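S.K.: Only the shape, not the letters, is given here:
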């Protein structure tokens, strides 16, 4: 029992990491119908910016906020400069462009900051909590809790932004029906750029929350993004809440499979998680919470 | 040209093994009166790009050598290509080096799968394949692969060192192991299990693997703790070593923790993991830890720092890989000097297999490079050390794998 | 008729040139060209699926790996001559692809892409798991085949000709398939699957079969690569391979036969050029290449060449029986 | 004479909306039957049921007495039912000729393997397909455009291409969904004449959904009128034209 | 009465296909003008041309200001609201959100509530559906929402494309009654409609389009008696 709860807790912590990146992926997909393969690398890059500022002596939250600002501008600029020229190209051409972006971010980060992994501070206390649950004691890492909290907070902010602000409304409208939105005077192009900006912000938060656990290096997000894809696919690419939940599910299920299914063990736990996702897709082809609206891909 | 060479190869092939040296014409490739060409592949991109710096620091060292007049009046022309840690690409790049660039020899190609892919090829082509950057055992097989030579102590040996220590000091321990699911992890694992011998079955209570692409290993640590293991053998690269140390500390698991040499860096592993959490870790060292304060006044270390500042200022001073590359570059320069004016491929491998008690500035005091025609493993000594919260404190005697065989 | 003649003459000239290369180029260059041909076969397979049939795959590296391992295991364990392993690899991948294609029918666009991506991620792990067969992470070291029948060819020359022959046969088969009744149906499904069904096309069967054929092509390429590289290991078939194949496919031109060759040249040589330009950050250069290519040629090289060709000839009446899908129109509809 | 097509009690609901309600009518062999009604009356829904794109909630469709609804969509063409689509469902990247050749899919047999090998009989079949398609193009005056991709041609031309494609399967029943929409005045009457010519030369039965009353009235022998998913009238054009329900449905009632 | 909207020699293109062949007309402020014509005659294209949604040649001016160089997003700034064919409902937004989107383009941001009240006054059913997803509305309600959304702009010119499409006669009559009220409140309306009788009844001025050209024009009560319209629609 103790092992079970501990595995669930650690799965939730890992799942929180997947969830935060999945959230960023879903944001861009919702706003622009593009799957941004560079999402993780953009987040990694923003995290390095934060690291540089921290290194220069800025206080944590100052650097944190400044990084969000940087990420936002970066996201908008990337959309306007890199994505916009291929807006009307076939979808796979856009995918290739985001792949180009991915390798550029990764390579340039390695060039600027080297590949030596760097410790990245957590804003949360380092002492873990111990909680008695039933039979034994379960330990919660303070950073893990904080990070899950931040992910849920970001999800809440996204929800509030889209639900209750005129700008959020305009972005939703632009994503849903660009033609009607134009007729209502919404500058759809800028809404797409804004979508990239916000996704970059969400990604940057994810990066800064992930880095303390994984330590900062240019390949920080490689593995995470793959899991984030899995999470977003599972939850449905059209549902931010679904993506977050998908992240937690992937994290927990993977741990439990690795722990309890002995012939699979740790060697195939990821494979099993992937197989599960495919099975889910077969039953529900647009993910657990995705809408069935046929999207352009 | 190629036809004559083919003929030559054909003749050689039928010759008796013992007669080969006598019959063979000396092959001199990649060497002129003013230059010697050396080839290298490194993962400047892809999953192992963290090691790319080794290729760069070697280049920086050769620049230093050239600035100082070269070797026997010959400048080193160092050609290094990116293979992205992909075996097919390594094959392509090494063939380019050998066939197109016509390098004298290939050196410090990095990675086990990548080197495995070219192993046969370089030996068929009789190109010296020196000081490869991997800890697998198969590079020390002069009988079947006379042109290949390793460099660092191999992972299996290191695994045996820990096993010996466990058997001696914790004979009743329950052992838990975390290893990366690839050749590197499995080599360590094999050495360790072999070292435990019969006791392995009884002692090892849980083995957990992880993929290099996994974001975290928390789950594995939880399982290891739960297995009741009192000894933890941690075979992970720095990124995961940090997590493992941190996580086991956080969940209150306090085993005797053996950390593989790959992740023994103070700056990149122990500090991020927390010095307190790292106290008591045991590892086996053969190099001076470049971030360990105890070497601050060491001549070899200071030389390295001066070199780094002058020739590779963008390189990180807290990256052990830069120390590693420096060491190996010095060793190859030493080998070439030892070749004198005969820079035929045959002589290069002959000299490389004839290194006696060579000291390298960043090897631990007492550890020396020794090779022979039957021993293609240059460094075979290691020293156990325990982390006291500030630095690695060596203890016990020098372990010498070669002597023990 | 003249344009058709010109086309055939052009093809023959290119083929003749390709046959002459071994006597002009060094073994190393031949090896590189051999790799290009292997990639071209794999990309043609991907093009059939993604370009012509509109089913996105981010996981073709998986079939490449399966092909390579089938060949390697047969050679290593049962000492089957390499020549026989190639068709067997193709057939096995055909079956695997078809079986994967059946459930894939339920998935569209992004979700299909991600499902195939999962396949690419899982295969290296599975390869490691079945260590007994696959040699685990150590992989399998093979011997490079020598020219048979005492042909006076170096192994590289022999492999070059072998690969070229396989390429020619597979491209011939592929071109036949794509320009005939089946090819029209494949494109029709992509262009408008509803009206394709109304024309009597069983799109479920066709899509699964295309998946199988596509996997078979890529598997044959993998099997060839096993002999050419003389080594297989899980590290050779990581997810970058799938992405590289996709890049080659899109850059070359998706719904195009010649695009497969252009794309293969791109993924073989451009990373090397990027390296020559900058040692510090070669991939940054490669990334810039990718983006610039997509700006300049959103429909790939074949698309751009096609446009230039049309502009040059200004002829609207083209010959019958050419590729059914001019690449520059592909995917403009949704 | 037994009807070639019988629609019996067809009912389709989308969510809460009833798109078709208990619609029944017959089409006799050799007739041109017009199916008319204002926008949203359910004409296209009915068509989509006939070609099995929708599954009705209730009712039956018999083709030459054989139930159609249990068949998968791709089997419909084989039976001898061809169709066109309201908003053009051509294959834009294929040439005009290739589009028509796809129309012959259900009348040809070659499979993956024999296609790839280009076996002699495949070549012969291909030649036959191409000859038939070219003949149709000639018939519809499209020969000059044979090698032009379907994308980028004028709407009126595309309508003819679609007609050619639907004729390629040698259907005995042709379902035409708004063949005149988007055409100009002259084109409309040209296509009307064309439909009559097609029926006459190819021994066809035609079921025609059309907005353009003039055309429908001109070519049809019988007209079925739908409004809000129900059949409100059925009869000869003259009868229907006089039907007050029809006039009201079309011209509306002044408020 | 000065011309509010003036269109001269308007041509419109879809790709290489020309859909309008030199349409010219002008509209006075305050009235209701309707464009009639058969399917494909170019009615919708004319509205789309004014909203800059198609490539055009010729001139379009609104209160003397040229619109040709503008993009669709800017058109609302002139006080032109376009209720498009097929309604353009944001199906995943609530009714209220749809209305808010409609108000996005206007200059003054305040007074949203008052506008809600105004349009709910016109369409009481929307008030009941205020928190409901627009996709769940019936066709008639969606059409009302479409008009309401356009009105949220406080437009001076309302472009209406086939508001009767697919609706029951009773609902159509209701909508048309409301349009008259809206017009009386000072909104000029340009209406594209297939229900000729209804349109003629509502409008004071009529254009008849045939294959991209204006073939007939005049006050509606005059044209109502003209056979041309009957012919254009019923073909006899």
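M.R.: Looks like it arrived, so ask away. Predicted model, so just to flag it, every value in this text is computed and none were measured.
S.K.: okay, CA-based contacts and neighbour counts for the rest of this
M.R.: Fine.
S.K.: measure residue B:127 to chain A for me?
M.R.: Per CA to the nearest CA, to the nearest Å, residue B:127 is found 31 Å from chain A.
S.K.: Low-confidence ranges, chain E, go.
M.R.: For chain E, the stretches flagged by pLDDT under 70 are E:1-2, E:16, E:39-40, E:166, E:168, E:228-236.
S.K.: Please, which helix or strand holds residue D:214?
M.R.: If you go by DSSP states H and E, residue D:214 is part of helix D:213-219.
S.K.: The next helix or strand after that helix - what's its average pLDDT?
M.R.: Once the chain leaves helix D:213-219, the next helix or strand it forms, by DSSP H and E, is strand D:222-227. Regarding strand D:222-227, the rounded mean pLDDT is 89.
S.K.: Can you pull out the residues in contact with strand D:222-227?
M.R.: The contact list for strand D:222-227 (CA atoms under 8 Å, 6 or more residues apart in numbering or on different chains) reads D:25, D:31-38, D:40-43, D:216-217, D:231-237, D:240, D:246, D:249.
S.K.: Is the host helix or strand of residue A:15 in proximity to chain B?
M.R.: Using DSSP H and E, residue A:15 falls within helix A:2-32. Yes: judged by CA under 8 Å from any CA of the partner chain, helix A:2-32 and chain B are in contact via A:3, A:6-7, A:10-11, A:14.
S.K.: Most proximal residue of the stretch 101-250 of chain D with respect to chain B?
M.R.: In the stretch 101-250 of chain D, the residue that lies nearest chain B is residue D:116 (31.2 Å; CA to the nearest CA).
S.K.: Can you say which helix or strand has that residue in it?
M.R.: Assigned by DSSP H and E, residue D:116 falls in helix D:112-117.
S.K.: repeat for residue A:277
M.R.: Counting by DSSP H and E, residue A:277 is part of helix A:269-283.
S.K.: Now do the strands in the chain.
M.R.: As the question left the chain open, I've gone with chain A. A:129-133, A:136-140 (DSSP state E).
S.K.: my bad, the chain I had in mind was chain C
M.R.: Per DSSP E, chain C carries strands over the ranges C:140-141, C:231-232.
S.K.: what residues does chain A put near chain E?
M.R.: Counting by CA under 8 Å from any CA, chain A sits next to chain E at A:166, A:169-170, A:173, A:176-177, A:179-187.
S.K.: Let me see the contact set for the closest residue to residue D:191 other than its chain neighbours.
M.R.: Nearest residue to residue D:191, sequence neighbours excluded (CA to CA, 6 or more residues apart in numbering or on different chains): residue D:180, at 7.0 Å. Residues near residue D:180 by CA under 8 Å, 6+ apart: D:187-188, D:191, D:210-212, D:215.
S.K.: Determine the three-state secondary structure at residue E:160.
M.R.: strand (DSSP: H, G, I helix; E, B strand; the rest coil).
S.K.: roughly how far apart are it and residue B:280?
M.R.: To residue B:280, residue E:160 is 80 Å away according to CA to CA, to the nearest Å.
S.K.: what about these two, which has more around it?
M.R.: Between residue E:160 and residue B:280, residue E:160 has the larger neighbour count (other CA atoms under 10 Å in any protein chain shown), namely 24 against 19.
S.K.: contacting residues around the more buried one?
M.R.: E:82-85, E:147, E:189-192.
S.K.: Relative to residue E:38, how far out is it?
M.R.: According to CA to CA, residue E:160 stands 16 Å off from residue E:38.
S.K.: go on, residue D:188?
M.R.: Noted for residue D:188: a distance of 11 Å to residue E:38, by CA to CA.
S.K.: Which one's more surrounded, these two?
M.R.: Using other CA under 10 Å as the criterion, residue D:188 and residue E:38 rank with residue E:38 on top: 28 against 19.
S.K.: I'd say that one and residue E:213 touch.
M.R.: No: with contact defined as CA atoms under 8 Å, residue E:38 does not count as touching residue E:213 (11.9 Å).
S.K.: Downstream of the helix or strand hosting residue E:73, the next helix or strand is which one?
M.R.: Using DSSP H and E, residue E:73 maps to helix E:72-75. Counting by DSSP H and E, the next helix or strand C-terminal to helix E:72-75 is strand E:80-83.
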